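K.L.:
Please work out how this folds:
(one chain, ligands or ions: 2)
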Amino acid sequence: MMTQHLLASGPAKNEIQAHRGASAVAPENTIAGFKAAAEQGAQWVELDVALLGDGTAVVIHDVTVDRCSSSKGHLKDMTAADLSGIDAGSWFGERFKGERIPLLADVVPELGRLGLNINVEIKQHPHQTSLEQLTKTVHEHLQTRAAHTQVMISSFDPDALRAMHALDANYDLAMLWSKLPEDWADRLATVPAQTIHLLYKSLSIGFLEDAASRGIKVRAWTCNDPRLLTSFWLAGLTGVITDDPSLFLK
Ligand code: G3P
Ligand code: MG
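P.N.:
Ligands and ions are numbered 1, 2, ... in the order given. As a prediction, this is how the structure comes out:
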């Protein structure tokens, strides 16, 4: 019997994730970006988590604030108190002036209020010398989530996924790759993870069929043109991580 996803010509609605929030229309990894995702009708957001020098977990992609704020500085040199002076919105558009680099502690309850599920991408940066501190911090914040908030953990670092698995074996874990390693199935098993988040340019029909036959989910990142994925849904592609969920929600 064919499974539901083999009959699909596009992603299920709950398989469309807003990359860094709806980052095509609002500044990435901000509350405004997450609200925009909810307004578009997305059910999931992907966000990036890193630690400041004082150990505070923040939602930001880069190791500096330079690209996505009006300030400059490395995360390792910052404390939570510094964030209130950083405008993370004006670089994207004047109407977002005053938007902040958010604390994970604030984002988790806000996403609960917005009814959004969370794909937490754990970023491994050189200044984060303790993987245990990083993963324990993420885990502790996720304990505060609303009962209706679903979470998954993704990372390019298999050790981060392993550490999250050790903290709670029920975490849904996704291995991130830009290029598919030949021994992908063995690598996945050592985490253990049941899901791959793969750069959309690295997808192939053969890989998707192989993954589907092994019960492995595959989501594509970061794709902003639904036409590029058309042939992959029938081969078993599970979901998409996109800057603009509205393109896939049509
Ligand atoms: O989770 C998919 C995607 O976010 C991975 O790459 O660099 O945008 O965090 P990046
Ligand atoms: Mg990411």
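K.L.:
give me the residue from the protein nearest ligand 1.
P.N.:
Trp221 (3.6 Å; CB to the nearest ligand atom). All C-beta spots, glycine's among them, are computed from the backbone N, C-alpha and C.
K.L.:
In three-state terms, label the residue lying closest to Ala235 once chain neighbours are set aside for me.
P.N.:
Computed as CB to CB, 6 or more residues apart in numbering, the closest residue to Ala235 that is not its neighbour in sequence is Leu208, at 3.9 Å. Under DSSP: H, G, I helix; E, B strand; the rest coil, the three-state class of Leu208 is helix.
K.L.:
ok, now how distant is the residue of the chain closest to ligand 1 from Gly85?
P.N.:
32 Å (CB to CB, to the nearest Å).
K.L.:
These two: which is more packed in?
P.N.:
Trp221 (23 against 10; other CB atoms under 10 Å).
K.L.:
Just confirm the more buried one contacts Arg20, I think it does.
P.N.:
No: if you go by CB atoms under 8 Å, Trp221 and Arg20 don't touch, sitting 10.6 Å apart.
K.L.:
shared neighbours, these two?
P.N.:
Glu46 (CB atoms under 8 Å, 6 or more residues apart in numbering).
K.L.:
ok, residues contacting the helix or strand where Ala212 lies?
P.N.:
In this structure, Ala212 sits in helix 205-213 according to DSSP states H and E. Here helix 205-213 makes contact (CB under 8 Å, 6+ apart) with His5, Leu6, Leu180, Ile196, Lys217, Val218, Ser231, Phe232, Ala235, Gly236, Leu237.
K.L.:
Where strands are concerned, which of those residues count?
P.N.:
Ile196, Lys217, Val218 (DSSP state E).
K.L.:
Give me the nearest residue to the residue nearest to the spatial centre of the chain, chain neighbours excluded.
P.N.:
Centrality entry for the chain: nearest residue to the mean C-alpha point is Glu46, 2.8 Å, by CA atoms, centre = their mean. Using CB to CB, 6+ apart and skipping residues adjacent in sequence, the residue nearest Glu46 is Asn119, 4.2 Å away.
K.L.:
Could you pull up the residues touching that neighbour?
P.N.:
Gln17, Trp44, Val45, Glu46, Leu47, Val151, Met152, Ile153, Ser154, Ala174, Ile241.
K.L.:
Spatially, which two of those residues are the most separated?
P.N.:
Within the contacts of Asn119, Val151 and Ile241 form the most distant pair, 15.0 Å apart (CB to CB).
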